[in-house]
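[1] Provided below are the primary sequence and the corresponding predicted coordinates.
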Amino acid sequence: MSDSVVLRELNEHVWLAYRDAYQAGDAAAFLALHEPGLIRAGGPVKRVVGFADYALETTQWFDELAERGDSVVIAFRFVERITDGVVASERGVYRLVAGRASGESKVLFGRFHVFSRRSEGRWRVVVDYDSDERGTVTVEDYESATPLDDVSEWDVG
């Protein structure tokens, strides 16, 4: 399988589905992107959790957003994409736009490192790490990273 085909699969199975589930507030669709053995680490809470805790926290968060009428839109860009066609390591910068029901919005940027595995014809997230650099990651960092759909940038092996 060619590099561009593998990266397009990753985009479809993980990144675009992640974005869409986030925007829809669909916890079930979002959690389906992750393997049951998921390791989630980092972020503002600076801790490590497994799938069960992550699922509970994510479902509660999406429910709270819906109750308040708030929204979240996320987008991804990459600084590194490495895969052998079965396992992938991808690092990048995300942009999160948090919208309040009142009309206020806030843009946050952060860094991520995700490991995914292809099994049963689908890519799923195995390890998800977010840095706690909110406030220090800038729009310039985001814009200088490679866009999601630019798969020609990477020679993944």
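    All right, it came through fine. Numbers count the residues shown, from 1 in each chain.
[2] Every contact and neighbour count from this point should use C-alpha atoms.
    Will do.
[3] would you list every one of the helices in this protein?
    According to DSSP state H, the chain carries its helices in the segments 3-10, 17-24, 27-31, 51-68, 139-144.
[4] would TSV of these with mean pLDDT, mean neighbour count and distance to Asp128 be doable?
    Converted to TSV, the helices of the chain look like this (pLDDT from 0 to 100; neighbours: other Cα atoms under 10 Å; distance: least, Cα to Cα, whole Å):
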stretch	mean pLDDT	mean neighbour count	distance to Asp128
helix 3-10	90	19	15
helix 17-24	96	18	12
helix 27-31	97	17	12
helix 51-68	95	15	11
helix 139-144	96	15	19
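[5] Put together a markdown table for those helices, with distance to Phe112 on each row.
    Output for these, formatted as a markdown table (distance: least, Cα to Cα, whole Å):
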| stretch | distance to Phe112 |
| --- | --- |
| helix 3-10 | 15 |
| helix 17-24 | 13 |
| helix 27-31 | 17 |
| helix 51-68 | 16 |
| helix 139-144 | 12 |
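[6] closest to Ile39 out of the ones you listed?
    helix 51-68 (6.8 Å; Cα to Cα).
[7] what's in contact with the closest one?
    Contact with helix 51-68 is made by 25-28, 31, 34-40, 71, 100-101, as judged by Cα atoms under 8 Å, 6 or more residues apart in numbering.
[8] Show the buried residues in these.
    Among the contacts of helix 51-68, the ones that count as buried by 16 or more other Cα atoms under 10 Å are Gly25, Asp26, Ala27, Leu31, His34, Glu35, Leu38, Ile39, Arg40, Ser71.
[9] now, among these, which is nearest to Tyr129?
    Within the buried ones among the contacts of helix 51-68, distances to Tyr129 taken as Cα to Cα reach their minimum at Arg40, with 5.9 Å.
[10] Can you tell me who that closest one pairs with across the strands?
    Beta-bridge partners for Arg40, by DSSP bridges, are Val49, Asp128.
[11] which one of the helices of the chain lies closest to Glu133?
    Between Glu133 and the helices of the chain, the shortest gap by Cα to Cα is with helix 139-144, which sits at 11.8 Å.
[12] Remind me what the closest one packs against, helices and strands.
    Counting contacts by 3 or more Cα pairs under 8 Å, 6 or more residues apart in numbering; DSSP states H and E, helix 139-144 packs against strand 87-99.
[13] Check which helices and strands the strand it packs on sits against.
    Using 3+ Cα pairs under 8 Å, 6+ apart, strand 87-99 sits against strand 71-83, strand 105-119, helix 139-144.
[14] Alright, I will stop here.
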